[in-house]
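Q: Take this sequence and fold it.
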Amino acid sequence: MTVVELVTGTRQRLHGVWQESLARTGHLLVANSVLTAGAGVLYWLLAARLYLPAVVGVNSAAISAMMLLAGAAQLNLMSALLRFLPTSGRAAGRMIRNAYLVGAGLSGVVAVGFLLGLRFWAPALTGLLGPIPNAAGFVVATMLWAMFVMQDNALVAGTYGSGTWITNDILPLGTTTTEIEREPTHLFKPAGAIRVRRNVNQDTPFPPEVPHALNPPPGCHFNPRCPHAMAVCRERYPEASLDTATHVVHCHLYPEGKG
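A: Here you go, the predicted structure:
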């Protein structure tokens, strides 16, 4: 294999991975985690280099308090998004906005309460968070962190809501007859699907709506797994093409004789 073939093959594989919404989302989440962790390491390295240990310690305590308050005040809405967002349909955007509004609003209220009683439970932070500008920044940071905590789950749940439709070659091979072979196109009846998933929470059954794929991908339902998928297949559901008196084909390639 030459270098050109290796580079070309790698580019094609990366392009194919990027076209897969599930793989693309996973890679973006990993990249987000790496960038966030890298920025945090760089921040604390610079802080330890430029400031006194006491200053770094007080600011670290303030950040820890902010993260604790935001995590508690968002009422575990991040898990609620994972549970209900995939089946919310067109209400998904409103659900995410409401979750951000509730989480950020409650975090702001809790942060204000924390500042009001600062001299009782964190007197060491009075010098840092006592001034009004710093206190306002602390409240805003707490609200933003609550939204940040929920954003990954909102992204995962929002993309997971698209059911993946998969075809296989086993069913056609097992049910093909001489009559079917004479037909130019034949629609095979799908067999029953079995969903297997490890459940460590025996007291909490899986929601019945999750495996039904009621929210298929945009465009053709099979575009994530079809090797012949085009751009139009990901954007628009194919119109019906009458093959015979009893068969209808939904495929952008079929009118051209490629289906």
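Q: in the protein, which helix or strand is least confident?
A: Least confident element among the helices and strands of the chain, by mean pLDDT, DSSP states H and E: helix 170-175 (a mean of 59).
Q: pretty sure S88 contacts M95?
A: Yes: S88 is within contact range of M95, at 5.1 Å (criterion: CB atoms under 8 Å). (Glycine included, C-beta is placed from N, CA and C.)
Q: so where's the stretch 51-200 of the chain uncertain?
A: By pLDDT under 70, the weakly predicted segments of the stretch 51-200 of the chain are 89, 158-176, 185-200.
Q: rerun that using 90 as the cut-off
A: Residue ranges of the stretch 51-200 of the chain with pLDDT under 90: 74-76, 78-94, 148-149, 151-200.
Q: Sketch out the helices for it, chain order is fine.
A: Using DSSP state H, counting those that start in this stretch, the helices of the stretch 51-200 of the chain run over 53-73, 77-84, 92-116, 118-121, 126-129, 132-160, 170-175, 178-182.
Q: Tell me, how many residues neighbour A240?
A: 11 (other CB atoms under 10 Å).
Q: quick one: it from V248, how far?
A: Distance of A240 to V248, computed by CB to CB, to the nearest Å: 5 Å.
Q: sorry, back to before: can you put the helices of the stretch 51-200 of the chain in JSON lines and add mean neighbour count?
A: Listed next are the helices of the stretch 51-200 of the chain as JSON lines, based on neighbours: other CB atoms under 10 Å:
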{"stretch": "helix 53-73", "mean neighbour count": "16"}
{"stretch": "helix 77-84", "mean neighbour count": "17"}
{"stretch": "helix 92-116", "mean neighbour count": "18"}
{"stretch": "helix 118-121", "mean neighbour count": "12"}
{"stretch": "helix 126-129", "mean neighbour count": "15"}
{"stretch": "helix 132-160", "mean neighbour count": "18"}
{"stretch": "helix 170-175", "mean neighbour count": "10"}
{"stretch": "helix 178-182", "mean neighbour count": "8"}
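Q: Out of those helices, which gets nearest to N223?
A: Of all these, helix 132-160 sits nearest to N223, with 14.7 Å by CB to CB.
Q: Looking at the chain, which residue reaches furthest from the middle?
A: T178 (46.0 Å; CA atoms, centre = their mean).
Q: Just to check, P217 is in contact with N223?
A: Yes: at 6.2 Å, P217 and N223 qualify as touching, with contact defined as CB under 8 Å.
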